[in-house]
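Visitor: Build me a model from this:
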Amino acid sequence: MRPPTSLSEWAGVHPGDNKSAGKRKRGKTASGDRWIRRTLSKRGHAAAMTPSHFARAFKGIKARRGYKRAVVAIARELLWTMFFLISRNDVHRDRVVDYAAPFLKKVLTEVGGRAEEAWAATA
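Guide: Numbers count the residues shown, from 1 in each chain. The predicted model follows:
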C-alpha cells in the first residue's frame, strides 16, 4: 500500500516545498485532481467551523499561515484521517468532542440509570 503522502499529492492538498541553500521557502501545492481537491477544501472549511479537533488545528494554522493555507492544511488532515480509518477499518473518535455522550445519556435515562442494561442496549 502506498503512503498517505502520495495520496495527498494526488489529491492536490500536499504542501509545496522549495529548499535552497538550507533555507525552506513556501511553494505551491500540487495541482492534483481538481474535483477531489475542491471537495476536500469544502469539507475542511466545514470541519473548521464545527467544535472538533479540526477546528482547533484550523485556528492555530490560520493564526500563523493565513486562512487559505489553513483550509488546505485541514483538508489534508481530513484526507489522512480518512485514509487511516479505512485502512485500519476503524471509526472516528474526536479528541475534543465526545459525540456518543448525548446518546448514552439518553439511553441511561430510558432504562432508569442501570448501567448494565444501558451497556447491553448500545451493543
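
Visitor: what secondary structure does residue 14 sit in?
Guide: coil (DSSP: H, G, I helix; E, B strand; the rest coil).

Visitor: Would you mind stating the distance between it and residue 73?
Guide: With distances taken as CB to CB, to the nearest Å, residue 14 is found 11 Å from residue 73. Any C-beta I mention is one placed from the backbone N, CA and C, and that applies to glycine too.

Visitor: quick one: contacts of the host helix or strand of residue 75?
Guide: Counting by DSSP states H and E, the element that carries residue 75 is helix 67-88. For helix 67-88, the surrounding residues in contact (CB atoms under 8 Å, 6 or more residues apart in numbering) are 1, 4, 7-8, 11, 13-15, 29, 37, 40-41, 43-45, 47-48, 54, 57-58, 61-62, 65, 90-92.

Visitor: go with 7 Å
Guide: Residues outside helix 67-88 that contact it (CB atoms under 7 Å, 6 or more residues apart in numbering): 1, 4, 7-8, 11, 13-14, 29, 40-41, 43-45, 47-48, 54, 57-58, 61-62, 92.

Visitor: what comes up buried for that helix?
Guide: Buried residues in helix 67-88, counted by 16 or more other CB atoms under 10 Å: 70, 71, 72, 73, 74, 75, 76, 77, 78, 79, 83.

Visitor: Going by distance to residue 22, which of the residues you listed wins?
Guide: Proximity to residue 22 was ranked across the buried residues of helix 67-88 by CB to CB; first place goes to residue 73, at 24.1 Å.

Visitor: circling back to that earlier point, any chance of a PyMOL selection covering the buried ones in the contacts of helix 67-88?
Guide: The buried residues among those can be selected in PyMOL (16+ other CB under 10 Å) with this line:
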select buried, resi 4+7+8+11+13+14+29+40+41+43+44+47+48+54+57+58+61+62
